[in-house]
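Novice: Below are the sequence and a predicted model; questions follow.
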Amino acid sequence: MLAILAQQDLTEFSQDDIVFSSGEPQSIAVSAMDLLNSYALIFIVAFLVTLLCTPLVRRAAIAAGAVDKPDSGRKAHPYPVASLGGIAVFIGLIAAIATSYLQIEDIATSYRPLPIAIVLGMVAIMFTGLADDLWGWDPRLKIAGQLVAAAALAINDIGVRVAEGVLRPFMGSPDDVIITLGSLHLLNSHVFYWTGTVLIALFVLGGCNASNFIDGLDGLLSGVVAIVAVGLLAICLLLAPTANLAVDAQEAEAQVVAIEIQTNVYQYQQLNGLPPPNLDALTENQPHKNLPTAPLGWVITYDPDSGDVSAADKRNELARSNKQLVRASVQRYLSNNNDELPRDIDTLIEEGYLQEKPDMPVGYSLSYNPNTGVVSTPLNAGTLTGARIVLCMALLGVVLGFLPHNFSPASIFLGDSGSLLLGYLCVVVILMLGEQGQTHLVFAGLIVFSIPIMDAMLAIIRRWLAGISLSSADDQHIHHQLKRALGGVKRAVFAMYGIGVAFALVGVTLAALVLRTELRVRVIYAIALVLFGFIGLIAVKAARRQQIAASVSRSSSISSQDDAKPNN
């Protein structure tokens, strides 16, 4: 509404009369098409690089002897297939992410790039999977590599606040003290942080291995991840306009203030022939009239030579000034309290080291870490908006570029390097949806990622019931059962694609209802639960039938052997 008012006011003057430093007021809501256009180059680079690199990687894998040979059991492909496709996927991802750092156009420039911690995690996961492909790493080493990738996320606080969204309704504010032991204070924030860190590790371990589980048919994992990437991208695009809504609204408000002042300047110039020497001159002879003020963090600037009024964004400078003010107060507290850190900012105010908690401009918050004494001003909603879209576009591009080579009959497999990497990236996007503790959005992302999760859970249950190791391979996964039931690889893969689309639609619908309406979303949870339960029960029953049949077969074999023994 403010932007519309600003546009209406502009029509009263010619373009030469009014000049704004940041151009005309922008729309408050960012359209999905604007974002897709801005990030399209990332998708194109990811797709082309992966498409062209995959044949080269295939040749290198064959030359190095890194091939997956068929056997009489689970590996039913008729000929040896190269198994280092994850290298091509990794190259495509790195090329796309590098492109996002170098060239993002238009509206996307207001979003921060992909955090380097995610790239470091990708490298750790890639090395772990590649080592297993080449040398057959011990499962414990694979877990260690995945935990390194999880630690990279935790260091950058990616996903840490997911636990806060779950625990805060029960435990209260992060600044609430749980236990006090002398000078040691255990706060809710400590519990939130460490619980979130554990949750990140569980997400990474679960997501990576779940993706590895379903990589059992030609084109299955790459196609399912493409569907997951589209679903997650849809959620990210739904979330993007709301991420900068408050900032855009204040920018529009600041522009409206500048327009109103510009109107007064224009009237003054009409009466006096020259622009006023300063803005105070507009109210000198009108003591009861005050000029409108811009929102916190925005400054109205005036050029007396041209008479131009503009609204300048000074939020970053104000945030930095407030950070320095609080940091200086912490230093004074330390020097007067034997190097003991204050418990929180309120302690500084209570003991007179700080007059009041500084007001932060919209889009920024003031953060204090009582363990390290570090004062920071992190951005609020929108910090990871661009990063989420970059990752989804890159992920979609690489799997679509790899899929033609991987679809039945496959000329190259992803290998552990590819399956672990794709699972990791899906989990990273899901964790980033909970940037502000929005656990409902994380749950929506998990619904989109349901096929790998469901298959992994069923595999664990199935192997537990059979009394075998959880790391033991078998041919009872959902895709194996569909292959036997439908009579072919392609039919089973397309059936899995259809199930993936159904879960993606449910997840995106849940996110849309949460973000765009006030409606209760329990019905979406119920639909997801029914889908999980229905498909899961069918899979468990089929696995149990196979288990019973195998048991009967073994019993019959033993009985036959006993009957064949000569009687003494």
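Specialist: Thanks, I have the structure now. Numbering: from 1, shown residues only.
Novice: D313: what's it in contact with?
Specialist: Shown in contact with D313 (CB atoms under 8 Å, 6 or more residues apart in numbering): 22, 251, 254, 297-298. No exception for glycine: its C-beta is placed from N, CA and C like everyone else's.
Novice: Those into a markdown table, with extra columns for pLDDT?
Specialist: Shown next, in a markdown table, are these (pLDDT from 0 to 100):
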| residue | pLDDT |
| --- | --- |
| S22 | 34 |
| E251 | 76 |
| A254 | 84 |
| G297 | 84 |
| W298 | 85 |
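Novice: among those, who's most crowded?
Specialist: A254 (27 neighbours; other CB atoms under 10 Å).
Novice: Correct me if wrong: it contacts A294.
Specialist: Yes. In this structure, A254 is within contact of A294 by CB atoms under 8 Å, at 4.7 Å.
Novice: Can you pull the residues that touch both of the two?
Specialist: 300, 311.
Novice: now for whichever strand or helix holds I94, which elements pack on it?
Specialist: Element membership of I94, judged by DSSP states H and E, is helix 85-102. Here helix 85-102 touches helix 32-64, helix 116-135, helix 385-406, helix 415-433, going by 3 or more CB pairs under 8 Å, 6 or more residues apart in numbering; DSSP states H and E.
Novice: Show me which of the ones you listed has the highest average neighbour count.
Specialist: Ranked by mean neighbour count, those are led by helix 415-433 with a mean of 29 (mean count of other CB atoms under 10 Å).
Novice: Work out the gap between that one and the centre of the chain.
Specialist: Put simply, helix 415-433 sits 11 Å off its chain's centre (CA atoms, centre = their mean, to the nearest Å).
Novice: secondary structure class for V309?
Specialist: What DSSP: H, G, I helix; E, B strand; the rest coil gives for V309 is strand.
Novice: so it makes contact with V265?
Specialist: Yes. Applying CB under 8 Å as the test, V309 and V265 come out as touching, 5.9 Å apart.
Novice: Between those two, which contacts overlap?
Specialist: With CB under 8 Å, 6+ apart as the test, V309 and V265 both reach Y302.
Novice: can you give me phi and psi for P292?
Specialist: phi -70, psi 150 (degrees, to the nearest 10).
Novice: Please read the previous query as pertaining to A82.
Specialist: phi -60, psi 140.
Novice: neighbours of it, just the number please.
Specialist: A82 has 25 nearby residues by other CB under 10 Å.
Novice: who's in contact with it?
Specialist: Taking CB under 8 Å, 6+ apart as the test, what A82 contacts is 57-58, 61-62, 66-68, 411-413.
Novice: Tell me how far it lies from N336.
Specialist: 67 Å (CB to CB, to the nearest Å).
Novice: returning to that earlier point: just give me the closest of the contacts of A82 to A131.
Specialist: Using CB to CB, A66 is the member of the contacts of A82 that lies nearest A131, at 11.9 Å.
Novice: hang on, isn't the closest one packed against G136?
Specialist: No. Between A66 and G136 there is no contact under CB under 8 Å: 11.4 Å.
Novice: quick one: Q262 is in a helix?
Specialist: Yes. Assessed by three-state DSSP, Q262 belongs to a helix.
Novice: one step back: which one of A66 and G136 is surrounded by more residues?
Specialist: A66 (20 against 8).
Novice: Tell me who's in contact with that one.
Specialist: Here A66 is in contact with 82-84, 133-134, 415 (criterion: CB under 8 Å, 6+ apart).
Novice: Let me know the angle separating the host helix or strand of A229 from helix 415-433.
Specialist: Assigning secondary structure by DSSP H and E places A229 in helix 220-243. Helix 220-243 runs at 20 degrees relative to helix 415-433, counting by axes from the mean of the first three to the mean of the last three CA atoms, to 10 degrees.
Novice: packing partners for helix 220-243?
Specialist: Using 3+ CB pairs under 8 Å, 6+ apart: helix 220-243 touches helix 32-64, helix 188-214, helix 385-406, helix 415-433, helix 439-448, helix 450-466, helix 489-516.
Novice: nearest to L220, of the ones you listed?
Specialist: helix 489-516 (5.2 Å).
Novice: Buried residues in the host helix or strand of R168, which are they?
Specialist: Element membership of R168, judged by DSSP H and E, is helix 161-171. Neighbour counts over helix 161-171 (16 or more other CB atoms under 10 Å) mark 161-168 as buried.
Novice: quick check, distance from that helix to the centre of its chain.
Specialist: With CA atoms, centre = their mean, you get 18 Å for helix 161-171.
Novice: With only the CA atoms kept, save that helix in CSV.
Specialist: Presented in CSV, the C-alpha positions along helix 161-171 are these (Å, rounded to 0.1, in the frame of the first residue of the first chain):
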residue,chain,number,x,y,z
ARG,A,161,17.5,-23.0,15.5
VAL,A,162,15.4,-26.0,14.4
ALA,A,163,15.6,-27.3,18.0
GLU,A,164,14.7,-23.9,19.4
GLY,A,165,11.4,-24.0,17.5
VAL,A,166,10.5,-27.3,19.1
LEU,A,167,11.7,-26.6,22.6
ARG,A,168,10.9,-22.9,23.1
PRO,A,169,7.1,-23.4,23.6
PHE,A,170,8.0,-25.7,26.6
MET,A,171,11.1,-24.1,28.0
